[in-house]
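Visitor: Predicted model follows, preceded by the sequence.
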Amino acid sequence: MLTLSSLNRVRYYPEIIPDTNLYAQINAGSTASPAPADIRGIPDLSIKAVGLNYAPTAGMDLEIKTDGTIDRIPLGSQLPTFGNIAYTTKNVLGVNLLNIGVAPVNNFYLAAEYMITKPTITEKLLRKWPLTQEEKAIADELGVYETVEKGIRPITWDYMRDREYQVIGERVYGNSLNLAPGTDATVLDLKVSNPDELYIIDGIMSPNTLFADDVTLTIKRDGDANYITVRAAALAGVNRINCWIPALQELIITATAAQPVVGAAILFNVKKVRLTNILKARWGIAGNMPADVIKKVQAGIL
């Protein structure tokens, strides 16, 4: 379940965090409880839903509420989608499941990918979101308004990722685990040894976990002991769920299950990336970075 607490724990913008939900039963004429997301009063962030995974089920609808809009997706005829969906919001995000059929729906899962970011000045201008006085001054100084009107800015996530995140290594971590109820098994334990590097989890795979097993993965990142939890059964039917979770100090991932499980495949794709000055400026760890560089990063033109 995505909450305000989830948003407040994001540090290294933008991040793509997975949110997974399992429902043993959703009665006919009812909505899922708790709702996958019901957030109001979002802090100075934007949220974009960029991917969904579910079991196509007749009679089930997905409702997505964003700032002033409501969209309904029938999950019986619509196949799961990753990468070609985008719902962006700044104030309100509501996601819920509705059983409009005549019988209960059992063992239903929903996994979502949410991109969380602090919007740059160019993104705010594109979406007609208000600027602060400081942002207006920066926009005037750097000529940002014209770049947005011409369609040059804001830059896309794909372009930003390829330009700013200089990958120097990549591999898949994980194992086939035997899990005992209530006992944590360590899947991954990585420490960042070079201060000019970081790790990024960009994919999670769990191809053979079952709904009844309720295997839960817990991601600890840079001292945040329960940064993200992933209920592995919600990844059923897809090769992987995408994410973008940077860590500057450590990544520790554990797995536990509701009942004994033999041979649970848990895999994570991890990149080793150069910690560049642009990333330091965006994350507020720039030190003595020139003021003009920080302004350009805020503006979204660097």
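Guide: Nice, thanks for sending it over. Residues are numbered from 1 along each chain as shown.
Visitor: Dihedrals phi and psi, residue 298?
Guide: phi -60, psi -40 (degrees, to the nearest 10).
Visitor: distance of it from residue 107?
Guide: 46 Å (C-beta to C-beta, to the nearest Å). From N, CA and C alone the C-beta is placed, and that goes for glycine too.
Visitor: Likewise for residue 241?
Guide: Residue 241 sits 18 Å away from residue 107, taking C-beta to C-beta as the criterion.
Visitor: quick one, which of those two is more surrounded?
Guide: Using other C-beta atoms under 10 Å as the criterion, residue 241 and residue 107 rank with residue 241 on top: 24 against 15.
Visitor: Check whether that one really touches residue 235, as I assumed.
Guide: Yes. Between residue 241 and residue 235 there is a contact at 5.4 Å, judged by C-beta atoms under 8 Å.
Visitor: So for residue 284, what's the pLDDT?
Guide: What the model reports for residue 284 is a pLDDT of 86.
Visitor: wait, is it part of a helix?
Guide: No. Using DSSP: H, G, I helix; E, B strand; the rest coil, the assignment for residue 284 is coil, not a helix.
Visitor: neighbours around it, how many?
Guide: 12.
Visitor: Could you do residue 278 as well?
Guide: Other residues close to residue 278 by other C-beta under 10 Å number 18.
Visitor: ok, for it, nearest residue in space, not its chain neighbours?
Guide: With sequence-adjacent residues excluded and distances taken as C-beta to C-beta, 6 or more residues apart in numbering, residue 278 is closest to residue 164, at 5.3 Å.
Visitor: re the thing from before, so for residue 241 and residue 235, which residues contact both of them?
Guide: Common contacts of residue 241 and residue 235 (C-beta atoms under 8 Å, 6 or more residues apart in numbering): 53, 111, 204, 205.
Visitor: Report the contact partners of the closest residue to residue 282 other than its chain neighbours.
Guide: Nearest non-adjacent residue to residue 282, counting by C-beta to C-beta, 6+ apart: residue 297, 5.3 Å away. When contacts are counted by C-beta under 8 Å, 6+ apart, residue 297 touches 120, 278, 281, 282.
Visitor: Now those in CSV, please, with extra columns for distance to residue 195 and secondary structure.
Guide: Compiled in CSV, those are given as follows (distance: C-beta to C-beta, whole Å; DSSP: H, G, I helix; E, B strand; the rest coil):
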residue, distance to residue 195, secondary structure
120, 26, coil
278, 16, helix
281, 16, helix
282, 17, helix
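Visitor: Point out where the chain drops to low pLDDT.
Guide: 78-85, 237, 239 (pLDDT under 70).
Visitor: ok, which stretches of it are helices?
Guide: Using DSSP state H, the helices of the chain run over 4-8, 121-126, 133-142, 144-149, 157-164, 277-282, 291-299.
Visitor: elements contacting the second one?
Guide: The reference is to helix 121-126. The contact analysis (3 or more C-beta pairs under 8 Å, 6 or more residues apart in numbering; DSSP states H and E) places helix 121-126 against helix 133-142, helix 144-149, helix 291-299.
Visitor: Nearest to residue 160 among the shared contacts of residue 241 and residue 235?
Guide: Using C-beta to C-beta, residue 204 comes nearest to residue 160 of these, at 21.7 Å.
Visitor: which residues touch residue 122?
Guide: So residue 122 contacts 144, 147, 148, 153, 154, 155, 299, 300, 301 (C-beta under 8 Å, 6+ apart).
Visitor: now with 10 Å?
Guide: Contacts for residue 122 were tallied using C-beta atoms under 10 Å, 6 or more residues apart in numbering; they are 139, 142, 144-145, 147-148, 152-155, 298-301.
Visitor: All set now, cheers.
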